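1. could you work out the structure for the sequence below:
(2 chains)
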Amino acid sequence: DGGITQSPKYLFRKEGQNVTLSCEQNLNHDAMYWYRQDPGQGLRLIYYSQIVNDFQKGDIAEGYSVSREKKESFPLTVTSAQKNPTAFYLCASSPQAGGPDTQYFGPGTRLTVL
Amino acid sequence: GQQVMQIPQYQHVQEGEDFTTYCNSSTTLSNIQWYKQRPGGHPVFLIQLVKSGEVKKQKRLTFQFGEAKKNSSLHITATQTTDVGTYFCAAAGGTSYGKLTFGQGTILTVHP
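-> Numbering: from 1, shown residues only, chains lettered A, B, ... in the order given. Alright, predicted model coming up:
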């Protein structure tokens, strides 16, 4: 069964703690993306990766970090430097690097920082 | 960076009424995509428009790409309660190599 998985669905953390969100895809897609969505708002790009071992900052990268050690995995770390981390985080992938391809989204992780 | 403006932000309709959301860019786009996000869900791809003036239909949904490739619209005829959700346009082109720029989305509520 192919697709994108994100875990966990809900995540609670105390202020000041780093937290890592998982994103895995078995679609053999080259490109992967992380977005943040706040209530009633659109998607804002945090980081994206078009190839293994390479990634670029999106529009709101401050306070976040990523890695792309494997093609199928693109974890996102929300660091304590992120001032307002509570949000809905969406991971996506697309078939080709550099192309204006359709993006396929995972189910998302709702992060709440207490 | 590239910006895409989408209006309206909210739209409430009675079931059976029509609905339209508009997307505008200040730069020429290579393509535009539309996504739907159901309440509590994740965005799901609906369609991609590539050609100037292109019009595509999916049952009650009609998608248009402007002649100058700077604007697009999604029109739903005779809305149903299953149409509720947030509709996003997403643009590729200009300086956004390898990524999409999403509009703010239009939240559609359909009253039975």
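2. list the contacts of the helix or strand where A:A92 lies.
-> According to DSSP states H and E, A:A92 maps onto strand A:87-94. Strand A:87-94 has contacts (CB atoms under 8 Å, 6 or more residues apart in numbering or on different chains) with A:4, A:6, A:21, A:23, A:25, A:27, A:29-38, A:43, A:46, A:74, A:76, A:78, A:101-106, A:108-111, B:42-43. Any C-beta I mention is one placed from the backbone N, CA and C, and that applies to glycine too.
3. then stretch A:33-47?
-> So stretch A:33-47 is contacted by A:23, A:48-49, A:55-61, A:64, A:66, A:74, A:76, A:87-94, A:103, A:108, B:6, B:9, B:43, B:88, B:99, B:101-105, B:107 (CB under 8 Å, 6+ apart).
4. just the buried ones from those residues?
-> When neighbours are counted using 16 or more other CB atoms under 10 Å in any protein chain shown, the contacts of stretch A:33-47 contain these buried positions: A:23, A:48-49, A:55, A:58, A:61, A:64, A:66, A:74, A:76, A:87-94, A:103, A:108, B:6, B:43, B:88, B:99, B:101-105, B:107.
5. narrow these to those in helices?
-> Among the buried ones among the contacts of stretch A:33-47, the subset assigned to helices under DSSP state H is empty.
6. contacting residues for the residue of chain B found nearest chain A?
-> Nearest residue of chain B to chain A (CB to the nearest CB) works out as B:A92 at 3.1 Å. By CB under 8 Å, 6+ apart, the residues touching B:A92 are A:P100, B:L29, B:S30, B:N31, B:I32, B:Q33, B:K99, B:L100, B:T101.
7. convert the C-alpha atoms of stretch B:26-40 to PDB, please.
-> Provided in PDB are the C-alpha atoms of stretch B:26-40 (Å, rounded to 0.1, in the frame of the first residue of the first chain):
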ATOM      1  CA  SER B  26       1.600  39.300 -10.200                       C
ATOM      2  CA  THR B  27       4.000  37.000 -12.200                       C
ATOM      3  CA  THR B  28       3.400  34.700 -15.100                       C
ATOM      4  CA  LEU B  29       2.900  31.100 -13.900                       C
ATOM      5  CA  SER B  30       4.100  27.900 -15.600                       C
ATOM      6  CA  ASN B  31       1.200  26.000 -14.200                       C
ATOM      7  CA  ILE B  32      -1.400  26.200 -11.500                       C
ATOM      8  CA  GLN B  33      -2.800  23.400  -9.400                       C
ATOM      9  CA  TRP B  34      -5.900  23.200  -7.200                       C
ATOM     10  CA  TYR B  35      -6.300  21.200  -4.000                       C
ATOM     11  CA  LYS B  36      -9.100  20.500  -1.600                       C
ATOM     12  CA  GLN B  37      -8.800  20.000   2.100                       C
ATOM     13  CA  ARG B  38     -11.700  18.500   4.000                       C
ATOM     14  CA  PRO B  39     -12.200  19.600   7.600                       C
ATOM     15  CA  GLY B  40      -9.600  17.800   9.700                       C
END
